[in-house]
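**Student:** Build me a model from this:
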Amino acid sequence: MVAPVFQIHNSSTSIGYVNKVDEWVFDENYLELTNPMLDFTSEMELVGNTTALVNRLDILLACGQLSGNTKTIMVNALEQLDADDDRLMLGIYLTMIAPDYAILK
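**Tutor:** Just a heads-up that it's a prediction; the model follows:
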């Protein structure tokens, strides 16, 4: 298929996007420099229930577009972590790099 729109996304831009999301979510220096006003207090209350957390992040970040399969993978990954902060940050990261999130429908 040939179209200008297909030239926007390639192997370089896809890896660059994942790296940028990693920086946004996990790099404390980046957060200090950009000083975002993000409040995940409500989501932090859900970290004990990974299914509820994933469902909330799906609505909040992906407008409810995550597939059941994507959610299952995310829940399984989050349940491997013990620290609440880690669960929340990984949940945000996985939501934002999921194809269901990144591809407009």
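**Student:** mind checking the longest helix of this protein?
**Tutor:** Counting residues, the longest helix in the chain under DSSP state H turns out to be helix 11-26.
**Student:** and it, which residues are buried?
**Tutor:** Neighbour counts over helix 11-26 (16 or more other C-beta atoms under 10 Å) mark Val21, Trp24, Val25 as buried. Bear in mind the C-beta positions are built from the backbone N, C-alpha and C, glycine included.
**Student:** List the buried residues for stretch 50-59?
**Tutor:** Neighbour-count burial for stretch 50-59 flags Thr50, Leu53, Val54, Asn55, Arg56, Leu57, Asp58 (criterion: 16+ other C-beta under 10 Å).
**Student:** scratch that, stretch 63-78
**Tutor:** Those buried within stretch 63-78 under the rule 16+ other C-beta under 10 Å are Gln65, Leu66, Thr70, Lys71, Met74, Val75, Ala77, Leu78.
**Student:** picking that back up, residues touching the longest helix of the chain, excluding its own?
**Tutor:** Residues external to helix 11-26 that are found in contact with it (C-beta atoms under 8 Å, 6 or more residues apart in numbering): Tyr30, Met89, Ile92, Tyr93, Met96, Ile97, Ala102.
**Student:** Please work out the average pLDDT along that helix.
**Tutor:** Here the mean pLDDT over helix 11-26 is 80, rounded to a whole number.
**Student:** contacting residues for Met44?
**Tutor:** Residues Asp84, Leu88 are the ones in contact with Met44 under the rule C-beta under 8 Å, 6+ apart.
**Student:** That one and Ser14, how far apart?
**Tutor:** Here the criterion is C-beta to C-beta, to the nearest Å. By it, Met44 lies 30 Å from Ser14.
**Student:** what angle do the helix or strand harbouring Met89 and helix 11-26 make?
**Tutor:** Taking DSSP states H and E as the criterion, the element that holds Met89 is helix 84-97. Computed by axes from the mean of the first three to the mean of the last three C-alpha atoms, to 10 degrees, the angle separating helix 84-97 from helix 11-26 equals 150 degrees.
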